[in-house]
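Visitor: Okay, sequence plus prediction incoming.
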2 protein chains.
Amino acid sequence: MLQGSSVDNSGPSFTPLVVLELASDAKEETIAWLMGRIKDQQQNGGAELLVEQLGPGVSTQEKYNPNIFLVGASWQRLLSGAEDLGLFKEFSDGSMRAFTCANKLNFKEFKGDGDSFLSMAECQYIIKHELDTLRAKDETHVPGYTQTKLYPGKSIVRRLQSKGILIQMFPLHEKEALKRLSFSWYKKVKLSLQPLDDIKHYYGEGQALYFGFLEYFTFALVPLALIGVPYYLFDLDDYDRYVIYAVFNLVWCTVILELWKRFSASLAYRWGTLSRKKAFEEPRPGFHGVLGFNPVTGREEPLYPNTKRQLRVYLVSLPFVLLCLYLSFCVMMIYFLMEGWALSVHDEEPTFWTGILLFIPSIIYAVVIEIMNLIYRYAAEFLTEWENHRLESSYQNHLVLKVLVFNFFNCFASLFYIAFVMQDMVLLRQSLATLLITSQILNQFMEAFLPYWLQRRRNKKMIHKVRKIRTLEGKELPLTEQVRLEAHMSTYLGTFDDYLELFLLFGYVSLFSCVYPLAAVLVVLNNITEVYSDAFKMCHVFKRPFSDPAADIGVWQLAFETMSVIAVVTNCALIGMSPQVKTYFLDSETQLILWTVAVEHVLLAFKFILTFVIPDVPKHIQIKLARLEFESLEALKKKKMLEASEFSKNVQ
Amino acid sequence: MLQGSSVDNSGPSFTPLVVLELASDAKEETIAWLMGRIKDQQQNGGAELLVEQLGPGVSTQEKYNPNIFLVGASWQRLLSGAEDLGLFKEFSDGSMRAFTCANKLNFKEFKGDGDSFLSMAECQYIIKHELDTLRAKDETHVPGYTQTKLYPGKSIVRRLQSKGILIQMFPLHEKEALKRLSFSWYKKVKLSLQPLDDIKHYYGEGQALYFGFLEYFTFALVPLALIGVPYYLFDLDDYDRYVIYAVFNLVWCTVILELWKRFSASLAYRWGTLSRKKAFEEPRPGFHGVLGFNPVTGREEPLYPNTKRQLRVYLVSLPFVLLCLYLSFCVMMIYFLMEGWALSVHDEEPTFWTGILLFIPSIIYAVVIEIMNLIYRYAAEFLTEWENHRLESSYQNHLVLKVLVFNFFNCFASLFYIAFVMQDMVLLRQSLATLLITSQILNQFMEAFLPYWLQRRRNKKMIHKVRKIRTLEGKELPLTEQVRLEAHMSTYLGTFDDYLELFLLFGYVSLFSCVYPLAAVLVVLNNITEVYSDAFKMCHVFKRPFSDPAADIGVWQLAFETMSVIAVVTNCALIGMSPQVKTYFLDSETQLILWTVAVEHVLLAFKFILTFVIPDVPKHIQIKLARLEFESLEALKKKKMLEASEFSKNVQ
């Protein structure tokens, strides 16, 4: 039935780019239909891609899934796909332009027949897009599954995914390129920057922006760390002097966030995602509703009334989040009670056991918080799924918001309580340091080493099996084994958790900076190891993710900016409460508070003015974008003029 | 030389749209060259418009300017100009699309050869655009004026304007349409809305948006006014009860500004300016610099380094504005000193003359403020001119900002001083009422009646002259006289002053709402008369302005939003200072202030969340815009597919 279904290990006759894994019990009929549609010509509504079944490889003795398919495409097909997607590439004059086949020779890196023009990540992204937009024609259901309805225009892949017939679809790693990337990225001991362009080349823009942000954030914190060290070394107990440090910190946080926008715009321009038009977004796989006509496309698709969704968000999700925050608050209060009780027991009759007792509440609290975060994450995902968002982006935004608020509260509520209710600055500093250090250690462990260890165990089994038959460890695995190995790797779930971690670290640095200037130092150190562990996990632990053509860090920019606004408020309050400032207003506490509030308002106003004054896109890129737009307008005008003169000639 | 230069009153052979008035001593050579360029074909770099000299009319006995020209165009030319400009018109399916000649029959109002498709305002805007973009070819100077340099690509009209050879360029009124418009707008006594679509039809989108905003603002204030009246009638002295009123006011102000954005988006969509692409902006006439190449267009034009401009803004303009604010502050302090002195004199020995003396400081202060505003306005214009902005929009933004800050300070500084330094609520209420009422009366007088009276006197002279010869008053003036009459009318300087007035009124309503709820009532009454006086002055006092295709109220939206943020701060402070609230916190003033600050922060946060939650563009318009974009993407894809299949056919 399929050309490539012969049992050979030599691999397919084309460069395999993407792997489709269907359920092992998927019906023959369905597979034949799907492969036919994938290979069919575009005029007939197919995707015009190449596809071959993966051979069984060496693992024939065990149960394995035979329904793994490799997808590729000819170079012509990929180039025309790049044009469909509106991919921006560097033009011969150095500007970034949407690629068109008609104009291909004018693009800088286009050589010969263009087989090295697109990066593998781009090719994989194009194939993903083509597969995703493979639509049902007149099929009313998936052949072989009469229960799985289709309607004209429905994305076939999405439907198969939501019904579990298609288990997964993932791009393949490139062994050689990965080796080179990982060497220049984290293997050599060096004092150079990350190879962001190479990361973009291999993983796509979204990933590269994350690593760019991580690096930028680290460098931006270095001045704070440098100023923070002497404060820590020489003024250990005199936290009143931190006033200047705090003011510097506030201005600095605002400035770095604004400058990041500019830097990110430069990166996105260089990578061609800044002015790229977004394609029309498909409904996400889990979206359901009554069949109707989409008002935008006119295609038949499920519709779900927006008011119903709003009701779910405001009447169920919002109260649920508030309830969870309240619960978290209760847990925190219980922790403080326990802590107080342990302290009183220890003070009454200090023994070795009461000394240990002192640590118990903190440990219990930390464990409970972790458990709550975990349960809440599931609940948030369930709720956001239930809200039934049509678009993946809207789903992500709602999920991020829910998780963000809860994590923020869990992380910082106790610190706020210590700072503003108990007003115990020494305890605040201790708690801050403890929280920061333990969370860093936990994170690094949970994030990189644990998954690596699990993966390694799995790998070893597989390699062990393979070695028995043919190769030695360290040598190249044959393609078939490689694909099966990658199919079992964990799926990278996006940059969400990585950004969340940075967000919380940013909170530790900015919210209570005047109490614990060493925080910046710790965060800088953490970020340096974070670069390595994140790079490592991207290269060795996870399946390669599809690239995501992001132009900025999206909702996270807003999250970081909100954090910096909250930081102004907390730092002003802390400064207002500090004894040294109080000595200036000995006679009147009212005056002190009024001044604090006034300073806070001035700082906030200054922040907003700064946001307006610093342009989000650097001037030279603005000019390039304007030139592109101007040229397209002029071209249109010239075309019109030509048509008019031809028309007048014809009339004469 | 020119076809229409014969001395006849029958008018030109085409519909005159725009009037060009050249200096009466302009050289024959220059005029011939300019008219030639205007009439020349587009292929030769001309504007392809029709132009005729205006006859001398009846005023031959007096000195008059012979160099007045009427400009018009054929319908074909106007339609192709509309396409150049990317004018949006209603398509046959009810959506708004950019007009193209190829597709003209699919537009809803296109009938016959399309001679009623474009409104006169649109035609005039097209002609203005064509004249503005009439560029020098290989001329090195204006013929006849060797000193007036030109370079390839320089806008001829702008250069003639900046050298005073072209005195003015204005669109003609339409007597009949104006009569109909003014009748439906303000002449009939009615309880209906303003005919916004007709206003847009006659004056263009910018004007119509102003009147739309004025009307919206008035209606939005009605609930506040209705709630304010009983407060005023029954609780005259008990301003503590105003707390609820103030909170309502704050939320209301936020909501109406957000809803206005949506309403304005609806209007702009209906008028086709919402998604229209801005044409490339020409440098403003006064802009000068060293000749170089524009990095965007590649054309030769004067360049002025941005850093130099920034230096001028931050090192000269900013200190100047701050100095002016300080001066204004000093004047205010002198006023309070004078007031105190007058009061003490009156208290010592109250006579009739000391009673009058009490009013003197206020009168002097009011007069001085008016004079300062006037001088400052000139200074601001001079400074902004001197900052040498390349674009008119950037010039306008800098001017608006300068004038806004100073006017805000002048208007409200004394009220802030009374409220927060003197803490005299009775005086605050009195001052607020006095300022509000006097400024309203002064404004209405200065804005409409004075210019009307001046205009009327001028008209009478002209009509008197004409009547001697041919017609009676009340009958139609011949075109020649009409043009000369309009050439002498005042030039409408844009919506700046109108918006500024509304902005200050908004300040009176929102900043101290808890002290004087009647302010809303007064502002509603003022706005109703304002509609009439503004409409009247647009129809009868000023030259018709060129329409301005605005999609929103621009920088004023920001200004109003900033005012509503300041209003949150002031109202919270006023509530915190009120005796009734103080009774709740008898034991601790600190607690009172902390609570006030907390409430203020919560309100501010709520405002920002509201801004995010309420989408700026209504859902149904978002859908229409998305559909348009989707269709253009699909069309592109289909076109590509066709090309590909044709290509494959050719290959076979």
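Guide: That came through, no problem.
Visitor: Can you get me a residue count around residue A:431?
Guide: Residue A:431 has 20 neighbouring residues, counting by other C-beta atoms under 10 Å in any protein chain shown. Using the backbone N, CA and C atoms, a C-beta is placed for each residue, glycine as well.
Visitor: wait, I meant residue A:274
Guide: Neighbours of residue A:274 using other C-beta under 10 Å come to 21.
Visitor: Can you give me every residue that contacts it?
Guide: A:96, A:265, A:268, A:551, A:617, A:621, A:625 (C-beta atoms under 8 Å, 6 or more residues apart in numbering or on different chains).
Visitor: Tell me which of those residues fall in helices.
Guide: Using DSSP state H, the members of those that fall in helices are A:265, A:268, A:621, A:625.
Visitor: By neighbours, which of these wins?
Guide: residue A:268 (25 neighbours).
Visitor: of the contacts of residue A:274, list those near chain B.
Guide: Checking the contacts of residue A:274 against chain B by C-beta under 8 Å from any C-beta of the partner chain, not one of them is in range.
Visitor: Using TSV, lay out those together with pLDDT.
Guide: As requested, the contacts of residue A:274 are exported to TSV (pLDDT from 0 to 100):
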residue	pLDDT
A:96	82
A:265	92
A:268	90
A:551	84
A:617	89
A:621	88
A:625	85
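Visitor: Out of those, which two are the most distant from each other?
Guide: A:96 and A:617 (13.3 Å; C-beta to C-beta).
Visitor: who's more crowded, the two?
Guide: residue A:96 (22 against 19).
Visitor: now that one, which residues is it bridged with?
Guide: Bridge pairing for residue A:96 (DSSP bridges) gives the partners residue A:90.
Visitor: Looking at the ones in helices among the contacts of residue A:274, spot the one nearest chain B.
Guide: Nearest to chain B out of the ones in helices among the contacts of residue A:274 is residue A:625 (C-beta to the nearest C-beta; 9.2 Å).
Visitor: contacting residues for that closest one?
Guide: Residues in contact with residue A:625 (C-beta under 8 Å, 6+ apart) are A:269, A:274, A:275, A:617.
Visitor: if you set the cut-off to 7 Å instead, what comes out?
Guide: residue A:275 (C-beta atoms under 7 Å, 6 or more residues apart in numbering or on different chains).
Visitor: Can you point out the buried residues in stretch A:147-160?
Guide: A:148, A:150, A:151, A:154, A:155, A:156, A:157, A:158, A:159, A:160 (16 or more other C-beta atoms under 10 Å in any protein chain shown).
Visitor: three-state assignment of residue A:638?
Guide: Put simply, residue A:638 is helix when judged by DSSP: H, G, I helix; E, B strand; the rest coil.
Visitor: What is the neighbour count of residue A:631?
Guide: Neighbours of residue A:631 (other C-beta under 10 Å): 15.
Visitor: What parts of chain A come near chain B?
Guide: A:42-43, A:83-84, A:280, A:295-297, A:306, A:569, A:589-590, A:593-594, A:597, A:601, A:619, A:623, A:626-627, A:630, A:633, A:637, A:640-641, A:645 (C-beta under 7 Å from any C-beta of the partner chain).
Visitor: quick revisit: will you turn the ones in helices among the contacts of residue A:274 into a markdown table that also has distance to residue B:15?
Guide: As requested, the ones in helices among the contacts of residue A:274 are arranged in a markdown table below (distance: C-beta to C-beta, whole Å):
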| residue | distance to residue B:15 |
| --- | --- |
| A:265 | 48 |
| A:268 | 50 |
| A:621 | 46 |
| A:625 | 40 |
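Visitor: List just the nearest of those to residue B:325.
Guide: For these, the nearest to residue B:325 is residue A:265 (34.9 Å; C-beta to C-beta).
Visitor: distance of the nearest residue to the closest one once chain neighbours are set aside from residue B:449?
Guide: Spatial nearest neighbour of residue A:265, excluding adjacent residues (C-beta to C-beta, 6 or more residues apart in numbering or on different chains): residue A:617 at 4.4 Å. Distance of residue A:617 to residue B:449, computed by C-beta to C-beta, to the nearest Å: 48 Å.
Visitor: now do residue A:379
Guide: Distance of residue A:379 to residue B:449, computed by C-beta to C-beta: 67 Å.
Visitor: and if you look at residue A:286?
Guide: 66 Å.
Visitor: cool, and residue A:557?
Guide: 52 Å.
Visitor: likewise residue A:195?
Guide: 72 Å.
Visitor: cool, residue A:391 as well?
Guide: Noted for residue A:391: a distance of 56 Å to residue B:449, by C-beta to C-beta.
Visitor: Likewise for residue A:175?
Guide: Where residue B:449 is concerned, residue A:175 sits at a distance of 85 Å (C-beta to C-beta).
Visitor: Residue A:282 now?
Guide: Relative to residue B:449, and taking C-beta to C-beta, residue A:282 is found at 62 Å.
Visitor: who's more crowded, these two?
Guide: residue A:282 (19 against 14).
Visitor: that's a strand at that one, yeah?
Guide: No. Counting by three-state DSSP, residue A:282 is not part of a strand but coil.
Visitor: from what I can see it touches residue A:129, true?
Guide: No. The criterion here is C-beta atoms under 7 Å, and residue A:282 misses it with residue A:129 at 9.9 Å.
Visitor: Surely residue A:593 and residue B:590 touch.
Guide: Yes. Contact criterion C-beta under 7 Å: residue A:593 and residue B:590 qualify, at 6.3 Å.
Visitor: Among the two, which residue is more densely surrounded?
Guide: residue A:593 (21 against 14).
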